[in-house]
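Student: this one's sequence-less:
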């Protein structure tokens, strides 16, 4: 298998959704707790990245395996069929990435504490059953909820925990504050999945995948797509006003015109090859500028 093909198999281009919440967690840990454990950070990054790649490889594997013969999805669209990757090789790669990732995760549990074990088990459960099993999460109207919560919040809070486990009070209040602070990331990531499902609606129905747009209808799904961005920016403002984030985080509002423009373009036309990129750009803009603004706010203490 060519390296370029491997990168497509694990959907390397989509890793923004997991990497930027990871950096947000680092900044949050320093801002609120003045704690960083660099070795833990490196181990967690490798474990997170490997598992994220495994999940996307599982997604491609299951899509190829379950694809209907009514059209040429297997041969022309799915990377496994198009590039003629042997299925046993894909299976070995998936198992290898999951095992190494889990081993690193267990090491971190030993270093930090039991809360990480339960958070990690949740993430592995969602990741593995997102595309596999008799009723995959991605084929139900739950994909947006689980992808947004898992990548937008769970990666964020685990990144905070592995840095500040020795000083933070890991209680319900802390959990809820971090959950609220992560809403902009959660909603931007959920919208990435929502845009994907809207674009793939007809193909998904053919493949017996009944996602959220199928139940909402296309018009309501598009309305939800728009409102999730609006709510994301409102929560960001509230988070700054309440002191969860530094005032510099308001620089993220500079992305409003771009997000509005991209959203309007997607609302006009939902074609995967042409307009899905606008949801990707919105995710990158919202999350990347948050990371940069958070870092600047910590540096200037404002």
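Tutor: Right, received. Where do you want to start? What you see is a predicted model, and the numbers here were worked out from it, not measured in a lab.
Student: alpha carbons only for contacts and neighbour counts from here, please
Tutor: OK.
Student: how about low-confidence regions in the stretch 1-150 of the chain?
Tutor: 67-76 (pLDDT under 70).
Student: so which residues of it form strands?
Tutor: With DSSP state E, counting those that start in this stretch as the criterion, the stretch 1-150 of the chain has no strands.
Student: at which residues are the helices of it located?
Tutor: Secondary structure of the stretch 1-150 of the chain (DSSP state H, counting those that start in this stretch): helices located at 3-9, 16-33, 38-66, 79-82, 87-112, 114-129, 143-147.
Student: may I see the ones you listed organised as CSV, with distance to residue 170 and mean neighbour count added?
Tutor: Formatted as CSV, the helices of the stretch 1-150 of the chain follow (distance: least, CA to CA, whole Å; neighbours: other CA atoms under 10 Å):
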stretch, distance to residue 170, mean neighbour count
helix 3-9, 37, 15
helix 16-33, 12, 22
helix 38-66, 18, 20
helix 79-82, 42, 19
helix 87-112, 12, 16
helix 114-129, 8, 16
helix 143-147, 22, 22
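Student: want to try JSON lines for these, with distance to residue 278 as columns?
Tutor: Output for the helices of the stretch 1-150 of the chain, formatted as JSON lines (distance: least, CA to CA, whole Å):
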{"stretch": "helix 3-9", "distance to residue 278": "20"}
{"stretch": "helix 16-33", "distance to residue 278": "14"}
{"stretch": "helix 38-66", "distance to residue 278": "21"}
{"stretch": "helix 79-82", "distance to residue 278": "22"}
{"stretch": "helix 87-112", "distance to residue 278": "30"}
{"stretch": "helix 114-129", "distance to residue 278": "25"}
{"stretch": "helix 143-147", "distance to residue 278": "17"}
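Student: which stretch among those helices comes nearest residue 203?
Tutor: Of all the helices of the stretch 1-150 of the chain, helix 38-66 sits nearest to residue 203, with 11.5 Å by CA to CA.
Student: and that closest one, how far out from the chain middle?
Tutor: Centre-to-centre, helix 38-66 and its host chain are 11 Å apart (CA atoms, centre = their mean, to the nearest Å).
Student: against which helices or strands is it packed?
Tutor: With contacts defined as 3 or more CA pairs under 8 Å, 6 or more residues apart in numbering; DSSP states H and E, helix 38-66 has these neighbours: helix 3-9, helix 16-33, helix 79-82, helix 87-112, helix 114-129, helix 155-164.
Student: same thing but 7 Å
Tutor: When contacts are defined as 3 or more CA pairs under 7 Å, 6 or more residues apart in numbering; DSSP states H and E, helix 38-66 sits against helix 87-112.
Student: for the helix it packs on, name the packing helices and strands.
Tutor: Applying 3+ CA pairs under 7 Å, 6+ apart, one finds that helix 87-112 makes contact with helix 38-66.
Student: relative to helix 155-164, how tilted is the helix it packs on?
Tutor: Relative orientation of helix 38-66 and helix 155-164, computed by axes from the mean of the first three to the mean of the last three CA atoms, to 10 degrees: 150 degrees.
Student: what's the angle from helix 38-66 to helix 16-33?
Tutor: Using the same axes, to 10 degrees: helix 38-66 against helix 16-33 is 150 degrees.
Student: now do helix 38-66 and helix 114-129, the angle between them.
Tutor: For helix 38-66 against helix 114-129, the angle by the same axes, to 10 degrees is 20 degrees.
Student: what about the helices of the stretch 1-150 of the chain, which gets the closest to residue 197?
Tutor: Closest to residue 197 of these is helix 143-147 (CA to CA; 9.1 Å).
Student: contacts for that closest one, please.
Tutor: If you take CA atoms under 7 Å, 6 or more residues apart in numbering as the criterion, helix 143-147 is touched by 137, 189-190, 193-194.
Student: stretch 257-273 now?
Tutor: Residues from elsewhere that reach stretch 257-273 (CA under 7 Å, 6+ apart): 199, 222, 226, 275, 278, 282.
Student: ok, of the residues you listed, which one's closest to residue 48?
Tutor: Nearest to residue 48, judged by CA to CA, of the contacts of stretch 257-273 is residue 282 at 22.8 Å.
Student: could you say which helix or strand holds the closest one?
Tutor: Following DSSP states H and E, one finds residue 282 within helix 272-300.
Student: let me know the average pLDDT across that helix.
Tutor: Helix 272-300 carries an average pLDDT of 93.
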